[in-house]
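S.K.: Pasting the sequence and the predicted model now:
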Amino acid sequence: MKIALSICLSFLISLSSLAQPIGHVDKKTKEFYIHPDLKIDYQVFGYQVANNTSQKMICFSSHMGDVKDNYNRCPLGSYLDTGKMKPGDKILYLSNVGNFGKMVFVSGSGKRTIFYLPKSSFALK
């Protein structure tokens, strides 16, 4: 009985960690960020349009295999967290579009690229 309860408890804890957003948007600056010290496994893609079957534009993953050499061939790159992006690069939240957040990737040189992140992957703070 104790083993069954322990398994159920572990399962519920793992489900709650999956439901947690990995990223946050600062309400004042609208800047999107992912902290480097997350203790959960995650993989989040930003898409070219607000549809998860469209081209993957950017990847944030806790798996080095996804990030190393940009395994998913995302035009904006693959990162462990936003702190690993190039100096001067940033991501800003623009608006909601259905189940996605409309974001803009601003490179250090000023080039702007729109992409869409699932709303379940970030929270406004």
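M.R.: Thanks, I have it.
S.K.: got a list of what Gly65 touches?
M.R.: Tyr71 (CB atoms under 8 Å, 6 or more residues apart in numbering). The way it works is simple: take the backbone N, C-alpha and C, and place the C-beta from them, glycine included.
S.K.: rerun that using 6 Å as the cut-off
M.R.: Listed by CB atoms under 6 Å, 6 or more residues apart in numbering, Gly65 has no contact partners.
S.K.: for the helix or strand harbouring it, which positions count as buried?
M.R.: Per DSSP states H and E: Gly65 is located in helix 64-67. Residues of helix 64-67 classed as buried by neighbour count (16 or more other CB atoms under 10 Å): Asp66, Val67.
S.K.: tell me which helix or strand of the protein sits lowest on mean pLDDT?
M.R.: Within the chain, no helix or strand scores below helix 2-19, which has a mean of 43 by mean pLDDT, DSSP states H and E.
S.K.: picking that back up, each with direction, which strands does the helix or strand just after the helix holding Gly65 pair with?
M.R.: Counting by DSSP H and E, the element after helix 64-67 in chain order, helix or strand, is strand 78-79. In the sheet, strand 78-79 lines up against strand 56-61 (parallel) (DSSP bridges).
S.K.: Cool, thanks, signing off.
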